[in-house]
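> coordinates only, sequence not included:
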Ligand code: FES
């Protein structure tokens, strides 16, 4: 099963199992990671914002215009920001690292 690492707000790196087909937002909820996801993944809240490690950013599906519009409303936006509900885990993303907005990170 693919693994996913969350960098939490205190800088802690939490590596978890991430079943194929689940979104990063759904995986975070399974493991008690502090990502809200208020709209349940229907692209209308931006509370699932994550910052993707640059090594992984280019491996994601292209961002849609709807995601881009919603992302504009997120806080602590960075160059590799995406919405966690729009990143769907698959085997190619095994090992991906994402940080919560504002979390300290060394990249
Ligand atoms: Fe609302 Fe992702 S959960 S936009």
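That came in fine, so what should we check first? What you see is a predicted model; the values in this text were computed from it and never measured.
> Any buried residues in the helix or strand where residue 15 lies, and which?
Assigned by DSSP states H and E, residue 15 falls within strand 13-17. Neighbour counts using 16 or more other Cβ atoms under 10 Å place residue 16 of strand 13-17 among the buried residues. Where you see a C-beta, it was placed from the backbone N, CA and C, and this is true even at glycine.
> So what's the gap between the next helix or strand after it and the chain middle?
Downstream of strand 13-17, the next assigned helix or strand under DSSP H and E is helix 24-30. From the chain centre to the centre of helix 24-30 is a distance of 9 Å (Cα atoms, centre = their mean, to the nearest Å).
> Just list the residues touching the nearest residue to residue 91 once chain neighbours are set aside, thanks.
Nearest non-adjacent residue to residue 91, counting by Cβ to Cβ, 6 or more residues apart in numbering: residue 2, 6.0 Å away. Neighbouring residues of residue 2 by Cβ atoms under 8 Å, 6 or more residues apart in numbering: 17, 18, 19, 20, 89, 90, 91, 93, 94, 95, 96.
> about what we covered before: who does the strand holding residue 15 pair up with?
Paired neighbours of strand 13-17 in the sheet (DSSP bridges): strand 3-7 (antiparallel).
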